[in-house]
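K.L.:
The amino acid sequence is not available; the structure is as follows:
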């Protein structure tokens, strides 16, 4: 009866002190309330019953459910794995029901509370918590992923509004640490969400709440989030993110009439398509979490909203490594990420962060038409002795090769500046980096013959070096007035391979050879260089007289060790 159920709920809502018993209590309460949801006594997303008794019972059940969720969130914030798994069960057993009572979908308010409690965890997330959240809840279900994107966007927007209320700054370190802690958790969750690669991939997805065949989303409310999909408006609200757009840059006061004409033409092109859909009785409107274009758009919005918040350096590195390979190629408007990449790339104190941002900038410039006049200036600034020892130097070397060796339109004075900077850094670099620098400089000089004067300048020329090493603008460095005297120093290096490469730079024999394959110089290490020298067979002069001692007669240790003459 309802009275027995109420007594049972009241008993289960009493918190215990013993951890295991408390976890069992909450799970039993979850099952009890979940059964009431299945029986229709507790419904989310619809109005309360008109009957006074039923409405009172329904209000009590909702209040009890809210208390249970509050207790679970409190325990999730304390890193309780059992509470997180139980909260996942609550989300799975407490869906929102449409107003037409034809389908159910994820209760995004419960999901928001779950994610908010995760962001309240201080410090890094435990590996076990991350694995449980990703493997058991996020990765298996496409609708969970879609609504999770909306929750991340909602929380990030709330944090961004808080920053704006503080005027973009904080009174103390505690507030800033709390914000970066929330941002860090959101980044970790967002990195768990896989984006479908195609329509076929989307069609094969599994859903926590799968709509029945032929059921269309209800447009008359019932949920705080839009449940239906519209191809025309998947990207309409991108502009409220405060990010760079080509449409905003192209606006001109003198072209208002042209813009209006273009917009009217677009509307005319869209209307017939929409009318055909309305007349086509076989057309079934998709749910937003089933639609590939809606998913891509929501994924893009979640990232752009999150990137407005301050990131810890470790999270910034993760994001810069992830975005170029996993996001830019799939989102509908990758140029909206240009502001984020350019701010990281142009930061004077960026260091390794600027190197990681280089890949994203390179993709946006080469594949998406981004215009960035300061690109080579910032690239020149990144070439420092420090980068030759960095963990990501192989990635940087690969991108540097693509930016320089594959662009034949660079001016000679810019190429000369890069050659000079590379050789100067090679003087204080490890042997693998020196080999790369020499090979790249050789290829650049052979492609850009105007730079041959850097090698062929005679000794009778002016001895002062016109190159300004402190200048970070390659155009103003006056590299063509200098010479690559650093190569002469490298000719006396203790590694034979470096000696050979340095002595051949600019020679007639080298000019007849094909360009170096730069991929062969990316993976060198001390071990590979040592193994390479070991494989060489060198003719060694044999002793003509059998030695009688380890040292010569003139040495102070001549009689220290003697060999037997027998």
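P.N.:
Okay, I see it. Remember, predicted model here, so these are calculated numbers, not experimental data.
K.L.:
what's the weakest-modelled helix or strand in the chain?
P.N.:
helix 246-249 (a mean of 40; mean pLDDT, DSSP states H and E).
K.L.:
Poorly predicted segments of the protein, please.
P.N.:
168-173, 218-284, 348-351, 457-463, 538-544, 547, 560-566 (pLDDT under 70).
K.L.:
How are the strands of it distributed by residue range?
P.N.:
Applying DSSP state E to the chain gives strands spanning 96-97, 104-105.
K.L.:
Now tabulate those strands in a markdown table and tack on distance to residue 398 and mean neighbour count.
P.N.:
To be clear about C-beta, it is placed using only N, CA and C from the backbone, and glycine gets the same treatment. Listed next are these as a markdown table, based on distance: least, C-beta to C-beta, whole Å; neighbours: other C-beta atoms under 10 Å:
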| stretch | distance to residue 398 | mean neighbour count |
| --- | --- | --- |
| strand 96-97 | 48 | 20 |
| strand 104-105 | 45 | 22 |
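K.L.:
Make a markdown table from these and add distance to residue 294 to it.
P.N.:
Formatted as a markdown table, those follow (distance: least, C-beta to C-beta, whole Å):
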| stretch | distance to residue 294 |
| --- | --- |
| strand 96-97 | 18 |
| strand 104-105 | 14 |
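K.L.:
So for residue 205, which of those strands sits nearest?
P.N.:
Taking C-beta to C-beta, strand 104-105 is the member of those nearest to residue 205, at 14.5 Å.
K.L.:
Pull the distance from that closest one to the chain's centre.
P.N.:
31 Å (C-alpha atoms, centre = their mean, to the nearest Å).
K.L.:
And the contacts of that strand?
P.N.:
95-98, 143, 147, 209, 211, 223, 227, 287, 289 (C-beta atoms under 8 Å, 6 or more residues apart in numbering).
K.L.:
Tell me which two of those residues sit farthest apart.
P.N.:
97 and 289 (16.2 Å).
K.L.:
Just the endpoints, please. Distance across stretch 489-507?
P.N.:
16 Å (C-alpha to C-alpha, to the nearest Å).
K.L.:
again but with stretch 426-435, I slipped
P.N.:
This stretch, stretch 426-435, spans 9 Å end to end (C-alpha to C-alpha).
K.L.:
So what touches it?
P.N.:
Applying C-beta under 8 Å, 6+ apart, the external contacts of stretch 426-435 come out as 385, 388-389, 393, 397, 425, 437-438, 486, 489-490, 493, 495, 497-498, 501, 521, 524-526, 528-529.
K.L.:
could you redo the last one with a cut-off of 7 Å?
P.N.:
Contacts to stretch 426-435, defined as C-beta atoms under 7 Å, 6 or more residues apart in numbering, come from residues 385, 388-389, 393, 437-438, 486, 489-490, 495, 497-498, 501, 521, 524-526, 529.
K.L.:
Turn the buried ones among the residues you listed into a named ChimeraX selection, would you?
P.N.:
The ChimeraX selection below is limited to those of those classed as buried (16 or more other C-beta atoms under 10 Å):
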select :388,393,437,438,486,490,495,497,498,501,521,524,529
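K.L.:
Which ones among the contacts of stretch 426-435 lie within helices?
P.N.:
The helices, defined by DSSP state H, take in 393, 437-438, 486, 489-490, 497-498, 501, 526, 529 from these.
K.L.:
Pipe the residues you listed into a markdown table and attach distance to residue 355 per row.
P.N.:
Below are the ones in helices among the contacts of stretch 426-435 laid out as a markdown table (distance: C-beta to C-beta, whole Å):
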| residue | distance to residue 355 |
| --- | --- |
| 393 | 8 |
| 437 | 16 |
| 438 | 21 |
| 486 | 23 |
| 489 | 26 |
| 490 | 24 |
| 497 | 26 |
| 498 | 24 |
| 501 | 24 |
| 526 | 22 |
| 529 | 24 |
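K.L.:
OK, contacts around residue 3?
P.N.:
Counting by C-beta under 7 Å, 6+ apart, residue 3 has no contacts.
K.L.:
now do residue 402
P.N.:
residue 362.
K.L.:
Kindly provide the distance from it to residue 511.
P.N.:
Per C-beta to C-beta, to the nearest Å, residue 402 is found 24 Å from residue 511.
K.L.:
Residue 144 now?
P.N.:
Counting by C-beta to C-beta, the gap from residue 144 to residue 511 is 61 Å.
K.L.:
for the stretch 451-566 of the chain, what spans make up the helices?
P.N.:
453-456, 486-490, 496-504, 508-511, 526-535 (DSSP state H, counting those that start in this stretch).
K.L.:
So which of the ones you listed is nearest residue 167?
P.N.:
Going by C-beta to C-beta, the one of these nearest residue 167 is helix 486-490, 49.6 Å.
K.L.:
for the closest one, packing partners?
P.N.:
Here helix 486-490 touches helix 412-426, helix 496-504, going by 3 or more C-beta pairs under 7 Å, 6 or more residues apart in numbering; DSSP states H and E.
K.L.:
now do 6 Å
P.N.:
Contact here means 3 or more C-beta pairs under 6 Å, 6 or more residues apart in numbering; DSSP states H and E; on that basis helix 486-490 packs against helix 496-504.
K.L.:
which helices and strands sit right next to the helix it packs on?
P.N.:
Packing partners of helix 496-504 (3+ C-beta pairs under 6 Å, 6+ apart): helix 486-490.
K.L.:
let's see 7 Å
P.N.:
Using 3+ C-beta pairs under 7 Å, 6+ apart: helix 496-504 touches helix 431-447, helix 486-490, helix 526-535.
K.L.:
can you pull the buried residues of the first one?
P.N.:
What it means is helix 431-447. 431-447.
K.L.:
Compute the first-to-last residue distance for stretch 504-518.
P.N.:
One end of stretch 504-518 sits 16 Å from the other (C-alpha to C-alpha).
K.L.:
Run through who's touching it.
P.N.:
401, 405, 438-443, 445-446, 452, 455-456, 487.
K.L.:
ok, now stretch 124-133?
P.N.:
Counting by C-beta under 7 Å, 6+ apart, 79, 81, 84-85, 185, 188, 192 sit against stretch 124-133.
K.L.:
mind checking how far residue 163 is from residue 176?
P.N.:
10 Å.
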